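1. Predicted model and sequence follow; I will ask about them next.
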Amino acid sequence: MRSLEALDPYADPEETESGESESENVETPAADEGDGEESAADADPDADEQDRDATDSAASPAESSTESTPSPPLATEATRVVDVHPAELNGVRPGVSTVDDVEAAWGLPREVGMREGLSEQVYALEPFERVTATFSDDVVTSIVVDLIEPFNADAVAREMALDAFTPVAIVDENGETLGRAYPERGVLFGFSADRPRDVVQVILEQISAEPFVLRAEEGLDERYGGGLADLDEALRQDPKHARAQWLRAVLLSRVGRQNEALRAAWAAVRREPRNLDYRLTLAKVMEQAGDYAAAAEELGRLLEVKNIEAAYAARAHVQLGEVTANGPGGDLRKAVEHHLQALRLGQQAAAAPVADPAALHAALLDSHLALAYAIAWGNWRDKPATIEQWLDRAAAWVEEAPVERADALRFRVATQALAAYVGLQGEVAPDDWADEVSETGLRLIAAAKDPLCRRQLEWELGLALYDCLQLDHLRGEYDAALAHGQAAVEHLERGNTDRGDSPGYAYLMGRLYFRLGVIHAIHRQDHQTAVAWFKKASPLIEQPVEREDGGDVGRQGESFVSMAVSYWETGDRREAARLTVQGVELMEQAVNEGLLEDDALSVAYGNLSFMYQQLGDAEAAKRYERLASRPAAEVK
């Protein structure tokens, strides 16, 4: 009687997504000269893209959603309750105190006038030079306090008990700082023109949405939890604030809350349908939520906007390239065309002032990284040399970036370089990129003060280390694969906040646990440790999978058959048989759907025949022995 066999768990096609960051150099690397064969850099291949095999997706699991009303605030420890309490001066509070209240507290005004339809009254209050109160319908709307001389801003904040709050800078259209605001108290400092860190004027206003929105936007890359709390408060103050909804969509998508992000993005676009930034974000969130068709449709409509600026067209082509590559059927050839068009448009846009140069630079770096990814996964010649050119260009720009942004950009380039390398099927050693992603990722995590931001970095580092595991396994470096895989588990589990309900999350984590078990089972013959990993993997892999989440039933079935071998070797024979039966059913489904070759079932049938014979079920053993020996063409 034959012994049990484990199926090759890395034999079926699987997709990996590319990522994002920022760049400056948009020149397309030239193809190498030589034998006249088509180069990957030509980006116009005659051959079809190759199957993306032996890998799992290292992209964040997406969620599906439809348009709906804005969601409630996030219920996480990182979302702080905003302590909103308007400041007051000598018993007078904007939005509450009336003319009579002010007169009772401050006495009679020394001047009375009108400005822009509102009543203004000037008072003499020591120790200030002057105090001006503005009224609407006899209620104070603002108080302007002119100081006798400039005072240090931090000292004034301490005096007013504001030093516990995070201020937001108030800047003009040229980026010059005019003052700072404390949104929770409705306080604004006006700075001296000659001494920009000193306060000459203090303004008390009613609590409003705008300062919260400004603070969220200022800290968009480092205050995820605080930013979401600010935006929730802004929407309480003004439920129709489109920019607050847009920024909320951006942050929610970053922390894996795609359903809520999609609702927020729709709310922003409904309020301002002509805002191209909002529409680009809507399309991005649609893609992340797995609705590639809707994302492509939205981007197509955006590119049809009359007289669209080159910068916006470039950004739309970058996203359309990602949608084309990552959606069902993954057309890498078409994706490359979109990214090259984005680079051409980016060069055109960079020749003139643009409204948001940072967004344009980010899109152009996205194109560099996405081109490296698409070429690595495609069926083109000269792939290793060509993707190195794209990655080198991206890395070179990072070295010229501001110091405070350098680590974040290095990390993004390194994560996407590893995703591209997986497409080379182990042809090139990833050592430098693996070291880079670990070192910069750990530095960023250590420096992150916001819990949600730190967890997102943990998640991204975990995904990159998952790619390292795949690369190590492809290259036969099993000790390194186990080390990278164990580290990936630790980071992904720490970064899991709010992702457990994502459709792709269970499959992603299940595959990671499964891979670690396989390495122990096959390459170390340690079935006991393998089963420990499989026990974590099994309930996750057993959940239904969707192709857009990176899974397929054929691979799912083969995983069960492989796991069953270790269960059998450790003596848990009933569970081994159950897993094998479950795997066979899924594999049969995959064969019928054309997702798996007919002969893939022979090993699984043979294993079941052996198991049932050992378990004393001769009839079942003979049935599966006949199935295992049938010609492949008969297996349907």
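-> That came in fine, so what should we check first?

2. In terms of helix, strand or coil, where does the nearest residue to Ala294 once chain neighbours are set aside fall?
-> Here the nearest residue to Ala294 in space, its sequence neighbours aside, is Met286; by CB to CB, 6 or more residues apart in numbering that works out to 4.7 Å. In short, each C-beta sits where N, CA and C put it, glycine included. Assigned by DSSP: H, G, I helix; E, B strand; the rest coil, the conformation of Met286 is helix.

3. Met286 - how many residues pack around it?
-> Other residues near Met286 number 28, with proximity taken as other CB atoms under 10 Å.

4. Quick check: it vs Tyr292, distance?
-> 8 Å (CB to CB, to the nearest Å).

5. same question, Glu619
-> Counting by CB to CB, the gap from Glu619 to Tyr292 is 48 Å.

6. The two: which is more packed in?
-> Tyr292 (21 against 7).

7. Give me the contact list for the lengthiest strand in the chain.
-> Using DSSP state E, we find that the single longest strand of the chain is strand 139-152. For strand 139-152, the external contacting residues (CB atoms under 8 Å, 6 or more residues apart in numbering) are 89, 92-98, 101-102, 118, 127-135, 192, 195, 197-206.

8. Show the contacting residues for the residue nearest the centre of the chain.
-> In the chain, the C-alpha nearest the mean C-alpha coordinate belongs to Arg254, at 4.0 Å (CA atoms, centre = their mean). Arg254 makes contact with Tyr224, Gln456, according to CB under 8 Å, 6+ apart.

9. Start the count at 311 instead of 1 going forward.
-> Yes, from this point I'll number from 311; that puts the last item at Arg564.

10. What about it? Give its phi and psi, please.
-> Arg564 has phi and psi values of phi -70, psi -30 when expressed as degrees, to the nearest 10.

11. Restricted to strands, list the contacts of strand 449-462.
-> Using DSSP E, those in strands are 428, 440-445, 508-515.

12. where are the low-confidence patches of this protein?
-> In the predicted model, the chain carries pLDDT under 70 at residues 311-391, 807-813, 855-861, 941-946.

13. what packs against the biggest helix by length in it?
-> Secondary structure assigned by DSSP state H gives helix 761-784 as the longest helix of the chain. On a contact count with 3 or more CB pairs under 8 Å, 6 or more residues apart in numbering; DSSP states H and E, helix 761-784 meets helix 534-547, helix 713-733, helix 741-757, helix 788-804, helix 815-828.

14. one more time with 7 Å, if that's ok
-> When contacts are defined as 3 or more CB pairs under 7 Å, 6 or more residues apart in numbering; DSSP states H and E, helix 761-784 packs onto helix 534-547, helix 713-733, helix 741-757, helix 788-804.

15. quick one: it to helix 815-828, angle?
-> 40 degrees (axes from the mean of the first three to the mean of the last three CA atoms, to 10 degrees).

16. Measure how helix 761-784 sits relative to helix 788-804, angle-wise.
-> Using the same axes, to 10 degrees: helix 761-784 against helix 788-804 is 160 degrees.

17. and helix 761-784, how far from the chain's centre?
-> Relative to the centre of its chain, helix 761-784 is centred 12 Å away, using CA atoms, centre = their mean, to the nearest Å.

18. so Tyr534 makes contact with Arg764?
-> No - counting by CB atoms under 7 Å, Arg764 is not a contact partner of Tyr534; they are 8.8 Å apart.

19. Looking at these two, which has the bigger crowd around it?
-> Between Tyr534 and Arg764, Tyr534 has the larger neighbour count (other CB under 10 Å), namely 28 against 22.

20. Just list the residues touching that one, thanks.
-> Ala388, Leu561, Arg564, Val565, Asp760, Leu762, Cys763, Gln766 (CB atoms under 7 Å, 6 or more residues apart in numbering).

21. So what's the residue count around the fifth one?
-> It refers to Asp760. 19.

22. got a list of what it touches?
-> Asp760 touches Ala388, Glu532, Arg533, Tyr534, Gly535, Gly536, counting by CB under 7 Å, 6+ apart.

23. can you rerun that using 6 Å?
-> When contacts are counted by CB atoms under 6 Å, 6 or more residues apart in numbering, Asp760 touches Arg533, Tyr534, Gly535.

24. Of those residues, which is the nearest to Asp548?
-> Nearest to Asp548 out of these is Arg533 (CB to CB; 20.2 Å).

25. where does the residue lying closest to the closest one once chain neighbours are set aside fall, phi/psi-wise?
-> The shortest distance from Arg533 to any non-neighbouring residue, by CB to CB, 6+ apart, is to Asp760 (5.1 Å). Per-residue torsions, Asp760: phi -90, psi 130 (degrees, to the nearest 10).

26. With Gly805 instead?
-> According to degrees, to the nearest 10, Gly805 has phi -90, psi 10.

27. what number of residues lie near it?
-> Gly805, neighbours per other CB under 10 Å, totals 24.

28. same check, this time on Asp882
-> Count around Asp882 with other CB under 10 Å applied: 16.

29. Over to the one 4 residues further on?
-> As a burial measure, Ala886 scores 27 neighbours (other CB under 10 Å).
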